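K.L.:
give me a 3D structure for the following:
(one chain, ligands or ions: 1)
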Amino acid sequence: MPAITGDEYLRRVNALKSDVWYDGQKITGKISEHPAFAGMIKSQAALYDLQHQKKNMTFKCEKTGEDVGVSYLIPRSKEDLQKRRDMIQEWASFNGGLMGRSPDYMNTVLASFAASLEVLKGEKKTFPKKLKSFYEYARENDLSFTHTFISPQSNRSKLSVLDEEVTNARIIDKRDEGLVIRGAKLLATQGGITDEIIVYSTPGTAEDDQSYLFSIPSDTNGLKFVCRRSFAHCNTPLSSRFDEMDTVVLFDDVIVPWERVFIYENIRAVASLYQDGKFIPFTLHQIVSRQVIKAEFALGVAQSIIEMINIDEYEHVQGKMAEMIRGVESIKALLFKAEGTGKLDQSGVYIPDPIPLYVAVNEFQSFYPRCMEILQQLGASGMVTLPSERDFSSELGEDLTFYLKGYEKGGKEKVELFRLAWDLSMSEFGSRQTLYERFFFGDPVRLAHAVYRAYSTDSAVRRVKRFLK
Ligand SMILES: Cc1cc2nc3c(=O)[nH]c(=O)nc-3n(C[C@H](O)[C@H](O)[C@H](O)COP(=O)(O)OP(=O)(O)OC[C@H]3O[C@@H](n4cnc5c(N)ncnc54)[C@H](O)[C@@H]3O)c2cc1C
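P.N.:
A predicted model of the protein is given here:
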């Protein structure tokens, strides 16, 4: 089946009978109609429809000749990589970059694994051929994915390996039918509303029974998704449409069939696929492409506030905008640099330069929260003087339209803009977005270590040595 439409996505999501728990109850009936999911699922369906409405969203599959999603494309040239960026940004533009787990994220991850099979050569208990066929199957059927990588946050001390009560999902048995998994994983955004979930242990895993890579359908027996409270409220411009639910993932003796096991009981293979393969550059390229759109969206909201209450003559306002512009342009420049200084590897895959992307994603972890702070500083009380649409339709409407007016704009228009700014930067949805970017691709402290370790200072040091001579 070629790239799917929104209707096909809806059909599949509703056909799945995943074990999704919301507020003490298992969700029954169509998940696309549940108030916690309806808005977001509709938005995701619209993304799939865009694949058929916009140019450059698909490419001809080398195997089937059919049109499949560009997010599955393994780039063979700089142009391919730019094609990927265009596609990612087309989807991100639809939601202001606020759907961090739009399908292109995990499709990219899977494509990166499939392009990295050489790192598994000679490694025991790894199945690179199966991983490749699974990638092709996913690409040709346009599967949707969520993922869960991190262990539960019960004990993060250096000595946590000594804990006797293990919470992290682990292999408890190996049977003819497959691996048996028991335990939990930290979380999966969009858990329970995708065809499949990819489960992976990130580097740092110290136990064999906790090292694996596999993918299973979201409605696999014993797999449970436990939701947080929904942030999707009516009459909110962003939360009502883009609240990607976060779920705790529980594995109640889940059987993972052998054909879906790609790595097991091999700590080194798990680490190598992450560090030595193409996961980091490809995934970072997807993330930063989306973050550019998100930063531009925040910039657009900030400038709209400035115009709405006519504050652009103040120097500190200009200074705050300059700060946002510097950030947006720096991230864009880093993205272009990564594409420009990418390299073809021996297998003919074009890999973006990971260093500028690492820098961009680490920078975004503090830049995005700062943008949200600036929105609050510019918007001030406008962020809370927000009568509802019903108030504007009531007998108070005329008064509110006048007393809440902006600069050359009526009260309703002003409140609509400020409600958007509030939803972006202050609502539960907005706060979660900020938290999300703070921790995207990992804890900022450890990500900074990774940037330092990945960066070569050799030429800078050589120059200092020459200078000293
Ligand atoms: C909104 C949201 C959605 C997410 N969605 C997903 C998802 O879909 N799938 C998925 O797999 N993950 C997801 N994540 C998880 C994300 O990858 C993690 O939040 C991130 O890796 C940080 O891990 P942690 O939350 O366990 O924080 P922790 O590692 O527990 O960190 C907590 C604090 O302790 C400090 N700390 C802990 N250990 C160390 C150390 N060794 N050295 C120095 N300081 C340390 C950290 O600096 C931090 O201040 C999501 C997270 C958020 C917030």
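
K.L.:
next one: phi and psi at residue 260?
P.N.:
Backbone geometry at residue 260, expressed as degrees, to the nearest 10, gives phi -110, psi 0.

K.L.:
partners of the residue of the stretch 201-350 of the chain at minimum distance from the ligand in the sheet?
P.N.:
With C-beta to the nearest ligand atom as the measure, residue 246 is the residue of the stretch 201-350 of the chain nearest to the ligand, at 5.3 Å. For the C-beta atoms, the positions are set from N, CA and C on the backbone; glycine is no exception. Residue 246 has these beta-bridge partners by DSSP bridges: residue 189.

K.L.:
local confidence estimate at it?
P.N.:
Listed pLDDT for residue 246 reads 98.

K.L.:
which elements pack onto the helix or strand hosting residue 451?
P.N.:
Residue 451 is part of helix 444-454, with elements assigned from DSSP states H and E. The contact analysis (3 or more C-beta pairs under 8 Å, 6 or more residues apart in numbering; DSSP states H and E) places helix 444-454 against helix 354-379.

K.L.:
which element follows the helix it packs on toward the C-terminus?
P.N.:
Using DSSP H and E, the helix or strand that follows helix 354-379 in sequence is helix 389-393.

K.L.:
so which bits of the very next helix or strand once past that next one are buried?
P.N.:
For helix 389-393, the following helix or strand on the C-terminal side (DSSP H and E) is helix 397-403. Using 16 or more other C-beta atoms under 10 Å as the test for burial, helix 397-403 gives 397, 400, 401.

K.L.:
residue 362 touches residue 454, doesn't it?
P.N.:
No - in this structure, residue 362 is not within contact of residue 454 by C-beta atoms under 8 Å, at 10.6 Å.

K.L.:
give me the neighbour count for residue 65.
P.N.:
Residues contacting residue 65 under the criterion other C-beta atoms under 10 Å number 9.

K.L.:
give the contact list for it.
P.N.:
Contacts for residue 65 were tallied using C-beta atoms under 8 Å, 6 or more residues apart in numbering; there are none.

K.L.:
check which helix or strand covers it.
P.N.:
Using DSSP H and E, no helix or strand contains residue 65.

K.L.:
near the ligand, which residues of the protein?
P.N.:
Within the chain, the residues that sit near the ligand (C-beta under 6 Å from any ligand atom) are 147-150, 153, 156, 186-189, 246, 432, 435-436, 439, 442-443, 445-446.

K.L.:
switch to 5 Å and redo it
P.N.:
Contacts of the chain with the ligand, taken as C-beta under 5 Å from any ligand atom, map to 148-150, 153, 156, 188-189, 435-436, 439, 442-443, 445.

K.L.:
could you turn the buried ones of those residues into a ChimeraX selection?
P.N.:
Selecting only the buried entries of the residues of the chain next to the ligand in ChimeraX, with 16+ other C-beta under 10 Å as the criterion:
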select :148,149,150,188,189,436,442
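
K.L.:
just flag the most distant two among the residues of the chain next to the ligand.
P.N.:
Among these, the pair separated by the greatest distance (C-beta to C-beta) is 188 and 445, at 23.4 Å.

K.L.:
which one of residue 362 and residue 454 has more residues nearby?
P.N.:
It is residue 362, of residue 362 and residue 454, that has more neighbours when counted by other C-beta under 10 Å, with 19 against 13.

K.L.:
so residue 226 is in contact with residue 252, correct?
P.N.:
No - contact criterion C-beta under 8 Å: residue 226 and residue 252 do not qualify, at 11.8 Å.

K.L.:
just to revisit the earlier point, let me know the closest of the residues of the chain next to the ligand to residue 174.
P.N.:
For the residues of the chain next to the ligand, the minimum distance to residue 174 (C-beta to C-beta) is 21.0 Å, reached by residue 148.

K.L.:
beta partners for the closest one?
P.N.:
Applying DSSP bridges to residue 148 gives these bridge partners: residue 199.

K.L.:
quick one: the strands in the stretch 151-300 of the chain?
P.N.:
With strands called from DSSP state E, counting those that start in this stretch, the stretch 151-300 of the chain shows them at 170-174, 178-189, 196-200, 212-217, 223-227, 246-257, 261-264.
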